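Chemist: What follows is a predicted structure for the sequence shown.
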Amino acid sequence: MEALHPDVSEVILSEEDIKSIVSRMGAEITRDYKDKNPLLVTVLKGAVIFTADIMRAIDCPVAVDFMAVSSYGDGVKSSGVVRILKDLDAKIEGRDVLIVEDILDSGITLSYLIKMLESRNPKSVKVAAFLVKDVEGKKPAVHPEYVGTHVPDAFIVGYGLDYAERYRNLPYIGVLKPEVYS
Ligand code: PRP
Ligand code: MN
Ligand code: MG
């Protein structure tokens, strides 16, 4: 095992944990989307690593396209405003769309995206979220059809998740030490 990054206090999901979650999700998606040729919509940038893994765990024809949106910028709290930095290339009318996200936190990003994509008349819009953050006393605004696992209410990084664009390349999910961002 590689050494823990000095800015990380604990590992929440190891590479092994991630692998087994991804293959379970891939099997679920394969079962539901056989014969549907879905369009996977990656939400850049955070979902880039999860997308690369999950698409290889899906055993049926899929296409992939990319949207770039940002609501956190360099902070640790959502700005509350979702900015579209890049729209899809593909037309999604009549297609089965599966949004691929790294994490559902406040739900602002996904609620916004679902609404926006649904307005383009796809056949269906569903969500595969690798992580769902559990915040005490808060009901999630979105219920993804496919969930990797739930994580506690801490600022986590790695496997695509950043703080100020750093740490996306960590191969595990870890808790960022508070002194790094405060
Ligand atoms: C992060 C993360 C999700 C979103 C989740 O993206 O990748 O897309 O926030 O938070 P929410 O449920 O509170 O909206 P971010 O805005 O940091 O952009 P990034 O993917 O480029 O890092
Ligand atoms: Mn994101
Ligand atoms: Mg981010």
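Modeler: Sure, I can see it. Ligands and ions are numbered 1, 2, ... in the order given.
Chemist: Residues contacting the helix ranked longest in the chain, please?
Modeler: Secondary structure assigned by DSSP state H gives helix 15-33 as the longest helix of the chain. For helix 15-33, contacts defined as CB atoms under 8 Å, 6 or more residues apart in numbering pick out 13, 50, 53-54, 56-60, 62, 96, 98, 128, 130, 146, 148-149, 159, 171-173. Heads up, the C-betas are built off the backbone N, CA and C, glycines and all.
Chemist: And for stretch 163-182?
Modeler: 2, 4-5, 7-15, 18, 45-46, 48-49, 74, 76, 131, 151, 154-162.
Chemist: Go again with 6 Å.
Modeler: Residues outside stretch 163-182 that contact it (CB atoms under 6 Å, 6 or more residues apart in numbering) are 5, 7-15, 74, 76, 154-160, 162.
Chemist: Need the per-residue pLDDT for E2.
Modeler: Note on E2: pLDDT of 65.
Chemist: which sections of this protein are below the confidence cut-off?
Modeler: Scanning the chain for pLDDT under 70 picks out 1-2.
Chemist: List, one by one, the residues from it near ligand 3.
Modeler: Y72, D162 (CB under 5 Å from the ion).
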